[in-house]
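J.: fold the following, please.
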Amino acid sequence: MADLTIIMLTPNLVPKKWVEFHKQKLLEAAGDNPIITISKEPLDWGVKNLIQTEYGLSNLYRQILRGAKEADTPLVAIAEDDTLYPKQHFQFRPIQPGYYYNLNRWHMFTWKNSYYFQGRPFYFYKPRPANGLLISTRELMVESLESRLATSPDLENPYLRHELGTVDRILNYDKVPWRSFYTREPVLCFDHIYSVGDLAKRRKKRPWPIAAYDIPVWGRAEEIVKKFQ
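T.: Here you go, the predicted structure:
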């Protein structure tokens, strides 16, 4: 019996061709772990599909909470529609309750950027927590998000919009600080104009300093970026 449920979030804004590729790769990586999808448009895959009608950071946490409540496993993992995962990511199991983020995290821009690497597609290493990298104890996640949203339904306080366990001053909600883990094979996140983030929408994001043209599993940047269209 599975002990981890994947909660896959999408507002259905990313390109249609990419959607099919992402679905294929997520199902391959998930193995026997069940997937709950949360989407704006109905999806016909996963063990459950929950419909959302809003888009934004505060709604993101409400949807994560919905998914966590629907899950019946002790652990949950968050998956995002602009991120590719290796099988190793969903095979990670924490030894004690908490919020665990996979920091073998690489990014790439989906737009051509002449300011970096002469416009060639490239990856850059970004080892910091993000929702799409999280594997968490389900009950702890539910308690934390319920506490945050009960205090501020729209999460007006910016600290309440940070990833679970990552801000010391709100540990009264989250209970424990975050921890990192690393898989040998990387998670790959795509920066794109359909993002909730303003910098990505305006193509103004800047890369972190460690860069590569080729990484394990995902291959050449100039080839994988073609999938996001």
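
J.: the residue nearest to the spatial centre of the chain and I7, how far apart?
T.: Nearest to the geometric centre of the chain sits G132, at 1.4 Å (CA atoms, centre = their mean). From G132 across to I7, the span is 10 Å (CB to CB, to the nearest Å). The way it works is simple: take the backbone N, C-alpha and C, and place the C-beta from them, glycine included.

J.: now do the strands in the protein.
T.: Per DSSP state E, the chain carries strands over the ranges 4-10, 35-39, 48-51, 75-80, 83-84, 99-102, 105-109, 123-125, 134-137, 179-181, 187-191, 211-212, 214-215, 219-220.

J.: which strands or helices does the longest one pack on?
T.: With contacts defined as 3 or more CB pairs under 8 Å, 6 or more residues apart in numbering; DSSP states H and E, strand 4-10 has these neighbours: helix 16-30, strand 35-39, helix 57-70, strand 75-80.

J.: winner for burial among those?
T.: When you average the neighbours per residue for each of those (mean count of other CB atoms under 10 Å), strand 75-80 leads with a mean of 24.

J.: list the residues that contact the residue nearest to the centre of the chain.
T.: Neighbouring residues of G132 by CB atoms under 8 Å, 6 or more residues apart in numbering: 78-80, 82-83, 187, 189.

J.: run the last query once more with 7 Å
T.: By CB atoms under 7 Å, 6 or more residues apart in numbering, the contact list for G132 reads 78-80, 83, 189.

J.: low-confidence stretches in the protein?
T.: Applying pLDDT under 70 to the chain flags residues 55-57, 113-118, 195-204.

J.: ok, the residue lying closest to I224 once chain neighbours are set aside - how many residues close by?
T.: In space, and not counting its chain neighbours, I224 is closest to W218: 5.2 Å by CB to CB, 6 or more residues apart in numbering. Applying other CB atoms under 10 Å, we find 20 residues neighbouring W218.

J.: distance check, W218 against V225.
T.: Where V225 is concerned, W218 sits at a distance of 10 Å (CB to CB).

J.: likewise T73?
T.: T73 is 34 Å from V225, by CB to CB.

J.: repeat that for L140.
T.: Counting by CB to CB, the gap from L140 to V225 is 36 Å.

J.: what does G165 give?
T.: Separation of G165 from V225 (CB to CB): 32 Å.

J.: so the two - more neighbours on which side?
T.: For the pair G165 and V225, the greater number of neighbours falls to G165 (25 against 18), based on other CB under 10 Å.

J.: residues contacting the more buried one?
T.: 98-99, 174, 176-178.

J.: biggest separation within the residues you listed, which pair?
T.: Using CB to CB, the contacts of G165 span at most 9.6 Å, a distance reached by G98 and D174.

J.: which one's more surrounded, the two?
T.: For G98 versus D174, the count of surrounding residues by other CB under 10 Å is larger for D174: 24 against 18.
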